[in-house]
Each structure stands twice: as structure tokens, then as C-alpha cells.
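# structure, please.
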Amino acid sequence: MLVSLASQAQPLDEFLEALLAIDRLAVRQIFSRSVDQTDAIALIEQLIVPALEQIGAQWEQGELSLAQVYMSGRICEEIVDTLLPPAKLQRISQPPMAIAVLEDYHLLGKRMVYSSLRATGYEVNDFGRVDVETLVAKVRAERIAVLLISVLMLPSALRIKEVRRQLTLANQHPKLIVGGAPFRFDEQLWHIVGADAMGKTAIEAVGHVSRLLKELP
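The predicted model follows:
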């Protein structure tokens, strides 16, 4: 059973403080007090995601260094790598899909969605961290039918509109699913950038993939 964060003596604030101090041992100790392996994804979304969102907001306000942003993300990714489920052996027949982080340094959100999709049975190309031009080129070359983009910062979220514009000019019209902190803060933003859906969590993203695949010609 998942331990309630509200009942923890050392909750999100302590976890955030340990991340910013780049104290791997403290981070793991705080996380281990709250985690039950069967509820790993839920805890990641309750503890790690909010902490990284706060770090992103503080960086945008000039309160943190880029090194703190980068290292906090790497520490969280190390934790998640040990918790997320392995790929499901029985794959689902589907058109090409891909996931990417657009011009941001945090790969955690992308990794969660990627692992959740593979655990569900979907095959997904992982494009990693890319800029607009690289992403458009990869989508065109691999004829991607469903594209998932993860961002942490608002400037990166707004660049998705340029991705959609360039793909449209190239007569490419993949179903586009977006996610990340900017879309949770502004629930209309995904419409503005030209996405077909927005997932607040990894589980929501999987649901959108299932639905949008059915809409493909």
C-alpha cells in the first residue's frame, strides 16, 4: 500500500532540498520511506514530478543554476530506472510511434511515459532530447503516426507549435500528444501549440495513445 505523503515526517520539501543539494543518498532515503514497489508510478507522480516542477519554476525565475536543474533530473532518473516496469513481451500491432523531449534537459517525464507504453505492449521509438529541426526530420524519415513530446519549461512548450507547422508544411500529420508542467499550469496551452491531446500523467498518455490510434485512417 502506498504511504501517504501527508503522513510523512519529511515530505516533499525535504525531498526538494536534498535534490538541490545534489545529495543522492538523502534523496534515496527520503524516497524509500514512502515507496511500495507496487505503487511506484503513483509515488513518482506524487513526489518526484512536483519536485522537478518546482525546480523548473525556480530556474525560470533565476533562483537556481543550470547545474542544479540538470543534476536533480539525473538523480530522479536514476531512481525511476530502478522502479519502472520492464517492457511487456507481447507487443501490440501498430503504426510507428515516437517520443521525445523538446529542447529541455529533464528526461524524466519522457522516461515514465516511454516505460509505461512499453509495459502496456506498445513499441515506441525514443528520440531522446532533440531540437525542432531534428525532431521534424526524424518524424518524416520514420513516418511517425503518433508523436509524444515532453517538456518542462514554457519556452520549450511553445516551440511545439513550430514542430506542428513544419510537419504540416511537409504534409506530415501525426497525432500529437504533449505533456509536462506548462500544460498542467495552463490547460488551454495544448490547443494553442496544435496538439491532439495532453496527458497530465503517464497513465493518461497511454490512454490517449490507445484512443488516437483508433482514429488513424
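
# immediately after the helix or strand of the chain with the lowest mean pLDDT, which helix or strand?
Each helix and strand of the chain was given a mean pLDDT (mean pLDDT, DSSP states H and E); the minimum falls on helix 40-43 at a mean of 70. Using DSSP states H and E, the next helix or strand after helix 40-43 towards the C-terminus is helix 49-60.

# restricting to C-alpha, output that next one in PDB.
The C-alpha trace of helix 49-60 is given here as PDB (Å, rounded to 0.1, in the frame of the first residue of the first chain):
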ATOM      1  CA  VAL A  49       7.200  15.200 -10.600                       C
ATOM      2  CA  PRO A  50       6.100  18.000  -8.200                       C
ATOM      3  CA  ALA A  51       9.700  18.400  -7.000                       C
ATOM      4  CA  LEU A  52      11.100  18.800 -10.600                       C
ATOM      5  CA  GLU A  53       8.300  21.200 -11.500                       C
ATOM      6  CA  GLN A  54       9.300  23.400  -8.600                       C
ATOM      7  CA  ILE A  55      12.900  23.200  -9.600                       C
ATOM      8  CA  GLY A  56      11.900  24.200 -13.200                       C
ATOM      9  CA  ALA A  57       9.900  27.200 -11.900                       C
ATOM     10  CA  GLN A  58      12.800  28.300  -9.700                       C
ATOM     11  CA  TRP A  59      15.200  28.100 -12.600                       C
ATOM     12  CA  GLU A  60      13.000  30.200 -14.800                       C
END
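
# how far does that helix sit from its chain's centre?
14 Å (Cα atoms, centre = their mean, to the nearest Å).

# how many neighbouring residues does residue 173 have?
By the measure other Cβ atoms under 10 Å, the count of residues near residue 173 is 11. In this view, the C-beta of every residue, glycine as well, is placed from N, C-alpha and C.

# ugh, typo on my part, it should be residue 34
Applying other Cβ under 10 Å, we find 20 residues neighbouring residue 34.

# wait, isn't it in contact with residue 47?
Yes - with contact defined as Cβ atoms under 8 Å, residue 34 reaches residue 47; the gap is 6.4 Å.

# in the chain, which spans are strands?
97-102, 125-130, 146-151, 175-180, 197-198 (DSSP state E).

# of the ones you listed, which is nearest residue 42?
strand 175-180 (16.5 Å; Cβ to Cβ).

# so what strands line up beside the closest one?
Strand 175-180 has its sheet partners listed here by DSSP bridges as strand 146-151 (parallel), strand 197-198 (parallel).

# relative to residue 74, which of these is closest?
Nearest of the strands paired with strand 175-180 (Cβ to Cβ): strand 146-151, 15.8 Å.

# contact partners for the residue nearest to residue 192 when sequence neighbours are not counted?
Take residue 192 and drop its neighbours on the chain: the residue closest to it by Cβ to Cβ, 6 or more residues apart in numbering is residue 161, 7.0 Å away. For residue 161, the contacting residues are 192-194, by Cβ atoms under 8 Å, 6 or more residues apart in numbering.

# ok, and the most crowded of these?
residue 193 (22 neighbours).

# that residue against residue 177, yeah?
No - Residue 193 lies out of contact with residue 177 (Cβ under 8 Å); the separation is 11.5 Å.
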